[in-house]
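Q: based on what follows, work out the 3D shape:
(4 chains)
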There are 4 protein chains.
Amino acid sequence: MSKPRKDLILKVSCPDSPGLVSKIANYIASYNANVIEFNQFADAVNGKFFARLEVDTSQATVSVDELEEGFAVLAKSISAEWHFRRLPHKTRTAILVTKTSHCLNDLIWRAQNGELPIEITSIIGNQLACKEVVERAGLTFHYVDFKEQSKEEAFAEVDSILKQEKVNLIVLARFMQIMPAWICEAYSGKIINIHHSFLPAFIGANPYRQAYNRGVKIIGATCHYVTSDLDAGPIIEQQVSRVQHFHNVHDLTRMGRDCERAALARGIRYHVYDRTIIDGNRAIVFSD
Amino acid sequence: MSKPRKDLILKVSCPDSPGLVSKIANYIASYNANVIEFNQFADAVNGKFFARLEVDTSQATVSVDELEEGFAVLAKSISAEWHFRRLPHKTRTAILVTKTSHCLNDLIWRAQNGELPIEITSIIGNQLACKEVVERAGLTFHYVDFKEQSKEEAFAEVDSILKQEKVNLIVLARFMQIMPAWICEAYSGKIINIHHSFLPAFIGANPYRQAYNRGVKIIGATCHYVTSDLDAGPIIEQQVSRVQHFHNVHDLTRMGRDCERAALARGIRYHVYDRTIIDGNRAIVFSD
Amino acid sequence: MSKPRKDLILKVSCPDSPGLVSKIANYIASYNANVIEFNQFADAVNGKFFARLEVDTSQATVSVDELEEGFAVLAKSISAEWHFRRLPHKTRTAILVTKTSHCLNDLIWRAQNGELPIEITSIIGNQLACKEVVERAGLTFHYVDFKEQSKEEAFAEVDSILKQEKVNLIVLARFMQIMPAWICEAYSGKIINIHHSFLPAFIGANPYRQAYNRGVKIIGATCHYVTSDLDAGPIIEQQVSRVQHFHNVHDLTRMGRDCERAALARGIRYHVYDRTIIDGNRAIVFSD
Amino acid sequence: MSKPRKDLILKVSCPDSPGLVSKIANYIASYNANVIEFNQFADAVNGKFFARLEVDTSQATVSVDELEEGFAVLAKSISAEWHFRRLPHKTRTAILVTKTSHCLNDLIWRAQNGELPIEITSIIGNQLACKEVVERAGLTFHYVDFKEQSKEEAFAEVDSILKQEKVNLIVLARFMQIMPAWICEAYSGKIINIHHSFLPAFIGANPYRQAYNRGVKIIGATCHYVTSDLDAGPIIEQQVSRVQHFHNVHDLTRMGRDCERAALARGIRYHVYDRTIIDGNRAIVFSD
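A: Prediction:
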């Protein structure tokens, strides 16, 4: 009992027009590749078309490279942005941390046990707190000093690590530094952050204290793409937890950690399986 | 800001084979109808293909009747079961009740306010408890006596009401009688029940007492299609609620009512928008 | 199988100091009344003590009036605010509405079926939209004109209805007018509002559109006490619902209605069973 | 901003009678100890009284040992079972595993970061699969052979490890062996299991396959005390997750892992903070 064999994910977004599903499905079928799963969404508000296909190319009459080459022509004719992802695939991933290790430890476990198809190439900390967790897992910890050098220098150091490892995804796992605009742009759509509140409530520092002070009955965590506009990037996933009056800030922090881990792991999962398409400040998420 | 205009829902299930998405999408496109939403699922376990399309026929080059006629040919060639539903549509619905009115009142409100596209043609009770709720809503209450006549006679009376009103959906809204096999068959796939437990836990009578006795920490309600195999029909929707040790059976019953209302309303919604496909004892639900 | 017989709820808040539980429990025990349930919370942050007791006075050696009289002395000695509520009790309740009837219909049903111990004495609308729902339920609808007369005059009219009916609780069930400060003060701690967002996110108008625009993955509703500081009153209860990219503003509005009904009904329930204690801009809620 | 200083948890259960709250609170107050939190529940069904107190003894006029000695007299007079737990406290805990490490890894992380007050004294596996996870965390892995020796011999080996380490809590973190009755009795109320279904649904083997076959829309995990009656012990905590038709058994297993981790961590938390009282086949849980 397993899902149908699929070896290709195709992601498409373009202006909406009649016949798009037919055109795309036809293209796939014409080379005897088989659509295993087809998710599609036409946004009437802004006239856009979004689709995600899981495809089995095992019986195809052309190679996947040729299939991709040919699709480029179709894509051009419908003004589409698109992406072919061959499976299996592991996304080369950097994780940036500061003090707390709960998200980091969770991601390492999921990666090492094959639950998340990411290869953690680099773990970078601006403090030493997570060093032991990282090394115990048999991974390398990069300490980048944000005190003795300027932020600019520090981020240049971060960037050189990212480049050296050909990182394709940057995960901010409670990294307490604001990413500079030039990194946000260089890795546009490839930086995922976990914010420890139910955005847009409690933007900024100390969200659990803010939540306590406001007396909310539910707290949350938000996994979102990072843009240069802090805490306003497209939301991928949110998780919530019920709290009561007797929970103090320390309790909220503890309970929130479980929300953060869950939201971040899900958000990354959606990203690496090409289930997300960024559309302005919103994210289309073909969740599973 | 509204969804794209759609006036047709197409539901298809058939043996899986390559190119089905393409064939169906092509057929729609060839008459200049436009696929607004395409949901598809290929079940690798039993080699079946399921799809649901929302279609805009406003620019089509043929009438919807002709579109349907032509689709019958395609459907035959792929051995499909299929259904065309023209929108807007109101499903002619009977609601059967016994004592409690919480689900009934909820459904009447949703129908009368246009939230659920059902026309409540008949409300049938084997007790008089719900008469007032029904009549206050300006509807007719049919009392069917299950005591003075045999069950067979009583169900024949129920059936004659259903037939007279050309009912297309029967909702058992806490109806405390077991439907006879001949009605289950006559209305196969058209009878929806709400069971007051998280099936398959606590099948049978007094599920809230069973739940209390077992000391569960979460209770639930299950909306399912009725088959002649009691409480084993395909599940459409389930809802749960957290409970604690200090909740007695009376409390569980109260809290469960909210689960029941929510699960039933959602289940009916999925059914009348053709979001469900029965597959043996499971239900494919293209939920929204 | 039923909860222990209880006929008195006692609510106390005061500055914290050692021995308070003992003092209160002793007082009750000294007259042979029996504590059935004891909930207590000492807030270390601001040094306050909060307690709620359910008491059985059936074997008490004094009358409940005497018990209350005596308690006033103890309360004074510990500088407590306190409240005795004899059971059974129905809170005289006004419901204020504008256009939508989903919360109203839900509350009427819960009141008429004995699920919520409130007596709906007055339903007041500044539009006529809910008139039919009210009258079908056998209740009186008061239309107050907010167009032909000034707001001041209109609220004076509302107030005279509240006074005439000796209303003890005002429920704003999607009432689209801001309560004037003088009513907020006159009924301090007795006005409950349902806001259609997960506060403090999306304060103000059109929260579902705001939520759509921000692309959140979870929406919510907030039941809170009304103070003259709009949308900032103490939160009693919140409910959330998961949403996806394909849900438009209309869908969010529909899905949000179920959150609103649930949050409001629970919030009122906690209030009328004296499970809430207002503490500045937060609410202690001994939830069940 | 922190909870009031508390250094003692007192747990009491006894036959219900008037004045118990007063007697207990008085006893504490009479020695100038201060009740910080008082949770109490009187079960009308079986006439039992349950209470849990958090106490600050820093200003007490006697030592905690004396306080305990004296309480024994009071306890006897009300026929109570009771327990004093001095804080801070770390429960000596053994974790038994077979193949999967998700719960184990989660518990190690929570213990090592101080989130769960347990000291993991022993990790015992009947397979070698979890050895690496354990050793990387700097802990010792005990392999007990269940193939080359009889079950009786194997469990004797397990027991000798438990005894040597003076284990006070045994956690079955997906341990695929049935505990023999003599261990269940020896460690009565001290063995916690995580079952990978929403009990009482899907008792026994392969619950995720059972859930798939039944077509449920929600799966779950159950943390419960182990008794000699398999899968029927008192439930401490349950967690659920929504699933859809396209999730196969492999998906359910993956999604269920997150439920299992969450339910087990919470269940253990309630146990080690003395928030649970076993009452026949139910568990009173003063959850936080």
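
Q: can you give me the domain boundaries for chain A?
A: Per the record, chain A has its domains at A:8-86, A:91-285, by automatic domain parsing.

Q: span of the longest one from start to end?
A: The separation between the terminal residues of domain A:91-285, taken as Cα to Cα, to the nearest Å, is 18 Å.

Q: quick one: mean pLDDT for that domain?
A: Across domain A:91-285, the average pLDDT comes to 96.

Q: what's the answer for the first one, then?
A: Computed over domain A:8-86, the mean pLDDT rounds to 95.

Q: which residues in chain A form strands?
A: A:8-15, A:34-43, A:48-56, A:81-86, A:91-97, A:118-125, A:141-143, A:169-172, A:191-195, A:218-225, A:235-242, A:276-279, A:282-285 (DSSP state E).

Q: so which of those gets nearest D:Pro200?
A: Among the strands of chain A, the nearest to D:Pro200 by Cβ to Cβ is strand A:235-242 (24.6 Å). Backbone N, C-alpha and C define where each C-beta goes, glycine included.

Q: that closest one pairs with which strands, and in what direction?
A: Strand pairing for strand A:235-242, using DSSP bridges, gives strand A:218-225 (antiparallel).

Q: list the buried residues for the strand it pairs with?
A: Under the neighbour-count criterion of 16 or more other Cβ atoms under 10 Å in any protein chain shown, strand A:218-225 has A:Ile218, A:Ile219, A:Gly220, A:Ala221, A:Thr222, A:Cys223, A:His224, A:Tyr225 buried.

Q: ok so, going back, for the domains of chain A, which one ends up most surrounded?
A: Highest mean neighbour count among these (mean count of other Cβ atoms under 10 Å in any protein chain shown): domain A:91-285, with a mean of 19.

Q: can you give the distance of that one from its chain's centre?
A: How far domain A:91-285 lies from its chain's middle: 10 Å, per Cα atoms, centre = their mean, to the nearest Å.

Q: again with stretch A:280-288
A: Computed by Cα atoms, centre = their mean, the chain-centroid distance of stretch A:280-288 equals 11 Å.

Q: check stretch A:15-34 too.
A: Relative to its chain's centre, stretch A:15-34 lies at 27 Å (Cα atoms, centre = their mean).

Q: hmm, it touching chain B?
A: Yes: Stretch A:15-34 reaches chain B (Cβ under 8 Å from any Cβ of the partner chain) through A:16, A:18-23, A:25-26, A:28-29, A:32-34.

Q: just put those residues in a markdown table and tack on distance to chain C.
A: Shown next, in a markdown table, are these (distance: Cβ to the nearest Cβ, whole Å):
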| residue | distance to chain C |
| --- | --- |
| A:Asp16 | 13 |
| A:Pro18 | 19 |
| A:Gly19 | 20 |
| A:Leu20 | 16 |
| A:Val21 | 15 |
| A:Ser22 | 20 |
| A:Lys23 | 21 |
| A:Ala25 | 20 |
| A:Asn26 | 24 |
| A:Ile28 | 23 |
| A:Ala29 | 25 |
| A:Asn32 | 31 |
| A:Ala33 | 26 |
| A:Asn34 | 25 |
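
Q: hmm, back to that, need the domains of chain A in a markdown table with distance to C:Thr61, can you?
A: Below are the domains of chain A laid out as a markdown table (distance: least, Cβ to Cβ, whole Å):
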| stretch | distance to C:Thr61 |
| --- | --- |
| domain A:8-86 | 70 |
| domain A:91-285 | 34 |
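
Q: now A:Lys170. Nearest residue, chain neighbours left out?
A: One thing to correct before we go on: residue A:170 is Ile, not Lys. Counting by Cβ to Cβ, 6 or more residues apart in numbering or on different chains, A:Ile170 lies nearest to A:Ile191, which is 4.5 Å off, once chain neighbours are set aside.

Q: now swap in A:Arg282 and tell me
A: Closest residue in space to A:Arg282, ignoring its immediate chain neighbours: C:Gly215 at 3.3 Å, by Cβ to Cβ, 6+ apart.

Q: list the contacts of that neighbour.
A: Counting by Cβ atoms under 8 Å, 6 or more residues apart in numbering or on different chains, C:Gly215 makes contact with A:Pro234, A:Ile235, A:Asn281, A:Arg282, A:Ala283, C:His245.

Q: recalculate using a threshold of 10 Å.
A: In this structure, C:Gly215 makes contact with A:199, A:224, A:233-236, A:279-285, C:243, C:245, judged by Cβ atoms under 10 Å, 6 or more residues apart in numbering or on different chains.

Q: also A:Asp106?
A: By Cβ under 10 Å, 6+ apart, the contact set of A:Asp106 is A:116, A:173, A:257-258, A:260-262, A:264-265, D:105-106, D:109, D:258, D:261.

Q: the longest helix along chain A close to chain C?
A: Counting residues, the longest helix in chain A under DSSP state H turns out to be helix A:249-272. Yes: using Cβ under 10 Å from any Cβ of the partner chain, helix A:249-272 comes into contact with chain C via A:Val249, A:Ala263, A:Arg266, A:Gly267.

Q: for chain C, what's the nearest residue on the stretch 1-150 of chain A?
A: A:Phe41 (5.2 Å; Cβ to the nearest Cβ).

Q: run through the bridge partners of that residue.
A: Taking DSSP bridges as the rule, A:Phe41 bridges to A:Phe50.

Q: follow-up on the earlier one: pick the one among the residues of stretch A:15-34 next to chain B closest to D:Lys151.
A: Nearest member of these to D:Lys151, counting by Cβ to Cβ, is A:Asn34, at 49.0 Å.

Q: the closest one reaches B:Gln40, doesn't it?
A: No: using Cβ atoms under 10 Å as the test, A:Asn34 is too far from B:Gln40 to be in contact (11.9 Å).
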